[in-house]
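> sequence unavailable; structure follows:
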């Protein structure tokens, strides 16, 4: 069973209920809707389609909404894309009309850019494809010299090398998108261009005010986010290593090490990690990934990421289903190698625990890793117990049995956790274990005679009430 989860971005290439069915069959665990593209009529249609496809397949598939964040971009060119030559002067001017760009200057959508930069700074456009050195700042005009030239088109992004742009993480558009996402019951919301824990607190408050219980994903793509990494992790429910802008701001050479650090820190602080951006970029137009992409995905899996994400590969690519299938195959291969080569996990062996359910979760994983156990079964209300369990490296499947669909969808993101609908509230205490076994046997998840670990609370239906660990043999009627 594949432990690493796969997120697929929805778009024109995946529209239609049949496309959604094929994506889920290929291995998608979560879908992402990017609020930077499309409109809410399209978003609502895709949400409806994926939920219908998931219900048909008997799956619990989470929906992740990705906020656009501040638009730190150039504006548009009067006569189409231009070509910049090394050494030429080029001006970024926020006072220019939106469509007035030419070979000498272009407008800027972010009016405060001139206040955030100084002579000597380096600006990177179009994910670092164009490099400009600032020579002077005069009012709204930023006079630059082209260091690395090339073709520059409309609406390309701007980064300052080393970070430091002051644009707030949440725009008015983002706040409206949060309210709409709450009405559609999104499970996860990703906040773009996070600078500090306060950005996440603001987003969470907006969701709560709208009546949403969606969990928050902090996208790590600014230098400032790296500087405040632990506080941001603590304020979020998950982090995304958004390697596009992150590489541009911090430099490409250190990106791999930074990715490993973010994933390791996130796991140590009991949160969830997603690795994203260009993971199988060639499959936008190719039916097979490059060997470098295979290594990239495998490296993230062996780092311990909970999920790997496809963006344009599925949103606008020619082979979205094949991209998902290829990613699933690579994940399984990396997991097989890593588990056979890795030493026994010593995660949190020296820790003291602050909660009973947390201690039970850790005791379960220690026992499972030192006993011939075929499965771990967590009867859960909120999903906290399987989350803690999934932070410990193991090849033993964790089945999260819950009665709330929002819990089942949420845990679909956790590495090695598999959601199963089960209502313990309707089971006589004497028959509870047998009901669990019958459910899992019927799904082919366990077999008669298997040794399993089961965790539960004495009072079913109480959030945070897990206080019991049982080691059981699977029996029939």
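Good, I have the coordinates. Quantities reported herein were computed from a predicted structural model and do not represent experimental measurements. Residues are numbered from 1 along each chain as shown.
> okay, strands next: where are they in the stretch 251-400 of the chain?
Using DSSP state E, counting those that start in this stretch, the strands of the stretch 251-400 of the chain run over residues 272-276, 307-310, 375-379, 398-402.
> which other helices and strands contact the first one?
Packing contacts for strand 272-276, counted by 3 or more C-beta pairs under 8 Å, 6 or more residues apart in numbering; DSSP states H and E, involve strand 238-242, helix 255-268, strand 307-310. (C-beta placed from N, C-alpha, C; glycine too.)
> cool, and the last one?
The criterion is 3+ C-beta pairs under 8 Å, 6+ apart, and the helices and strands that strand 398-402 contacts are strand 375-379, helix 384-390, helix 405-411, strand 417-421, helix 432-442.
> same list (these) but as a markdown table, adding distance to residue 157 and mean neighbour count.
Listed next are the helices and strands packed on strand 398-402 as a markdown table, based on distance: least, C-beta to C-beta, whole Å; neighbours: other C-beta atoms under 10 Å:
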| stretch | distance to residue 157 | mean neighbour count |
| --- | --- | --- |
| strand 375-379 | 42 | 26 |
| helix 384-390 | 34 | 26 |
| helix 405-411 | 31 | 23 |
| strand 417-421 | 35 | 21 |
| helix 432-442 | 48 | 17 |
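> follow-up on the earlier one: among the strands of the stretch 251-400 of the chain, which comes closest to residue 241?
strand 272-276 (5.0 Å; C-beta to C-beta).
> related to what we said a few turns ago, would CSV of the helices and strands packed on strand 398-402 with mean pLDDT be doable?
Conversion of these to CSV gives the following (pLDDT from 0 to 100):
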stretch, mean pLDDT
strand 375-379, 96
helix 384-390, 93
helix 405-411, 96
strand 417-421, 97
helix 432-442, 93
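> would you reformat those as CSV and include distance to residue 290?
Output for those, formatted as CSV (distance: least, C-beta to C-beta, whole Å):
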stretch, distance to residue 290
strand 375-379, 36
helix 384-390, 30
helix 405-411, 33
strand 417-421, 31
helix 432-442, 39
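> output the longest helix belonging to the chain.
When the chain is scanned for its longest helix (criterion: DSSP state H), the result is helix 320-341.
> any chance you could map the strands in the stretch 1-150 of the chain?
Along the stretch 1-150 of the chain, counting by DSSP E, counting those that start in this stretch, strands occupy 5-9, 30-34, 62-66, 82-84, 89-93, 105-107, 122-125, 130-138, 141-148, 150-152.
> from residue 417, how far off is the residue nearest to residue 269 when sequence neighbours are not counted?
Spatial nearest neighbour of residue 269, excluding adjacent residues (C-beta to C-beta, 6 or more residues apart in numbering): residue 233 at 5.0 Å. Applying C-beta to C-beta, to the nearest Å, the value for residue 233 to residue 417 is 19 Å.
> give me the pLDDT for residue 462.
Listed pLDDT for residue 462 reads 60.
> re earlier: residue 75 is nearest to which of the strands of the stretch 1-150 of the chain?
strand 105-107 (3.5 Å).
> that closest one - what's its average pLDDT?
97.
> you'd agree residue 220 is up against residue 229?
Yes. Using C-beta atoms under 8 Å, residue 220 is in contact with residue 229, at 7.2 Å.
> quick one: which of those two has more around it?
Between residue 220 and residue 229, counted using other C-beta atoms under 10 Å, the more crowded position is residue 220 (28 against 19).
> how close does the more buried one get to residue 302?
From residue 220 to residue 302 the distance is 19 Å (C-beta to C-beta).
> same question, residue 469
Taking C-beta to C-beta as the measure, residue 469 falls 29 Å from residue 302.
> picking that back up, can you convert the strands of the stretch 1-150 of the chain into TSV and add a column each for mean neighbour count and distance to residue 161?
Below are the strands of the stretch 1-150 of the chain laid out as TSV (neighbours: other C-beta atoms under 10 Å; distance: least, C-beta to C-beta, whole Å):
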stretch	mean neighbour count	distance to residue 161
strand 5-9	26	27
strand 30-34	24	25
strand 62-66	25	25
strand 82-84	16	17
strand 89-93	21	15
strand 105-107	22	19
strand 122-125	20	4
strand 130-138	17	8
strand 141-148	19	11
strand 150-152	16	17
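> mind checking those strands for the one nearest to residue 444?
Each of the strands of the stretch 1-150 of the chain has some distance to residue 444 by C-beta to C-beta; the shortest is strand 5-9, at 20.2 Å.
> that closest one: partners in the sheet, and parallel or antiparallel?
strand 30-34 (parallel), strand 307-310 (parallel) (DSSP bridges).
> could you report the pLDDT at residue 244?
pLDDT, residue 244: 88.
> please apply the same query to residue 342.
pLDDT, residue 342: 51.
> got it, and the one 10 residues further on?
On pLDDT, residue 352 comes in at 68.
> same check, this time on residue 429
Residue 429 is assigned 73 on the pLDDT scale.
> next one: residue 167
According to the predicted model, the pLDDT of residue 167 comes to 85.
> in JSON lines: the strands of the stretch 251-400 of the chain, plus distance to residue 365.
Output for those, formatted as JSON lines (distance: least, C-beta to C-beta, whole Å):
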{"stretch": "strand 272-276", "distance to residue 365": "16"}
{"stretch": "strand 307-310", "distance to residue 365": "20"}
{"stretch": "strand 375-379", "distance to residue 365": "8"}
{"stretch": "strand 398-402", "distance to residue 365": "9"}
